[in-house]
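Enquirer: the following comprises the amino acid sequence and a computationally predicted model.
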Amino acid sequence: MARVYNFSAGPSMLPEEVLKKAAADMLDYNGTGQSVMEMSHRSAEYEEIIHGAEAVIREVMEIPVNYKVLFLQGGASSQFAMIPLNLFRNSKRCDIVDTGTWALKAISEAKRYGTVNIVASSKDDKYRSIPALDPSKFDKDADYFHITTNNTIEGTVFADLPDTGNVPLVGDMSSDILSKPYDISKFGLVYAGAQKNLGPAGLTLVIVRDDLIGHALDFTPTMFNYKTHADGESMYNTPPTYAVYIAKLVFDHVKATGGVKAMHKKNLEKANMLYDFLDSSKLFKAVVAKGDTRSIMNIPFVSPNEDLDKKFVKEATKVGFVNLKGHRLVGGMRASIYNAMPVEGVKKLVEFMAAFEKANG
């Protein structure tokens, strides 16, 4: 069967070059006579892989030397707890911007360990926008300020980062990391589940400034303490070895194809192509209004009714455009067009949508 165009929000498609390299290495990695999945994480061969992965991601993201790069497990959902457990060091208060599903989960977990100040929310707009931020509502004594840089379900993105002064900015970048350049020095901590732009599910990337490590609450479990993993170079326990290996191949691919800036240029081309069609269509409509807070990774859209939505998804699947069904909280459809989605995939989707509109408009 021919490969499909996979518009899943995660786990998402991977670059074909990465999959082909992994396939070639499956039985014999680099002349070792074994698969990476069989390899001891304490071996010299594997240490070269994980240290190499760190070196490349540091290079492509231009991560400052005073930040640790950690390869962890548990997804962003574990980070919702790890962040307050490690960063509630003084006031035990934090500021969080409520922009939808994942921000609400971060709020819920943080409330277990301290006080949460919701500085702004787009709930009244059904999370179809990024709320305006009033700096006068920021808590200058907060231990951290949390944002979800890109909202996977709702399809919105922070166009500008808030200026939080001396309060560490924390960013959940799960669905837009590596999609565009970010100045990591503006953050105290960044985290991302791998299954969208970094690699397969099972790996979580955390980038944390040195001075934020070593202050965990005294009841923090050993495995939830950043110092545990920083001191153990991400190998305190057995890491998700194969997921790290695939992530390294993805990092290498990003570097070889022009870096994050080149990825961003391609991502803008794809997103603009789809948004331009949606904005001119008489059948389909983008959920998020025009503006710079539209995500270029996750694009939710709808037709006039649910029956037509279902028909579209069914017919699209038949011709190789899969996982276009929208999230249950938003409905309609959603096209997730992460780094690995080729421009050709979006072009062909738009052509199919135009044909569907002609037949059903």
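Expert: Cool, the structure landed.
Enquirer: what are the ranges of the helices in the stretch 201-350 of the chain?
Expert: Ranges of helices within the stretch 201-350 of the chain are 226-231, 241-256, 259-280, 306-318, 343-360, based on DSSP state H, counting those that start in this stretch.
Enquirer: and the residue lying closest to K348 once chain neighbours are set aside, backbone torsions?
Expert: Residue nearest to K348 in three dimensions, not counting chain neighbours: Y5, with 6.9 Å by Cβ to Cβ, 6 or more residues apart in numbering. Yep, even glycine has a C-beta here, placed from its N, CA and C like the rest. Main-chain dihedrals, Y5, degrees, to the nearest 10: phi -90, psi 110.
Enquirer: report how many residues lie close to Y5.
Expert: By the criterion of other Cβ atoms under 10 Å, Y5 has 22 neighbours.
Enquirer: hang on, isn't G326 packed against D309?
Expert: Yes. Contact status for G326 versus D309: in contact at 7.5 Å, counting by Cβ atoms under 8 Å.
Enquirer: got any residues that touch both of these two?
Expert: V302, G332, M333 (Cβ atoms under 8 Å, 6 or more residues apart in numbering).
Enquirer: highest neighbour count among these?
Expert: Neighbour-wise, the shared contacts of G326 and D309 (other Cβ under 10 Å) top out at M333, 25 neighbours.
Enquirer: ok, now which ones touch that one?
Expert: P300, F301, V302, S303, D309, F312, V313, L324, K325, G326.
Enquirer: test for you: state the pLDDT assigned to it.
Expert: On pLDDT, M333 comes in at 98.
Enquirer: can you name the residues bridging to it?
Expert: As for beta bridges, M333 partners with F301, K325 under DSSP bridges.
Enquirer: now it: how far from K348?
Expert: For M333, the distance to K348 equals 15 Å [Cβ to Cβ, to the nearest Å].
Enquirer: so what's the nearest residue to A247 once chain neighbours are set aside up against?
Expert: Spatially, and ignoring its direct neighbours in sequence, A247 is nearest to G199 (3.6 Å; Cβ to Cβ, 6+ apart). With contact taken as Cβ under 8 Å, 6+ apart, G199 is in contact with L14, A243, V244, I246, A247, L249, V250.
Enquirer: just the closest of the residues you listed to N166, please.
Expert: The closest of the contacts of G199 to N166 turns out to be A247 (Cβ to Cβ; 32.5 Å).
Enquirer: surely that closest one and G193 touch.
Expert: No. Between A247 and G193 there is no contact under Cβ under 8 Å: 11.4 Å.
Enquirer: can you confirm D95 is in a helix?
Expert: No. The assignment for D95, made by DSSP: H, G, I helix; E, B strand; the rest coil, is strand rather than a helix.
Enquirer: can you offset everything so residue one is 42?
Expert: Understood, numbering begins at 42; the last thing we discussed is D136.
Enquirer: residues in a beta bridge with it, which ones?
Expert: Here D136, judged by DSSP bridges, has bridge partners N158, F186.
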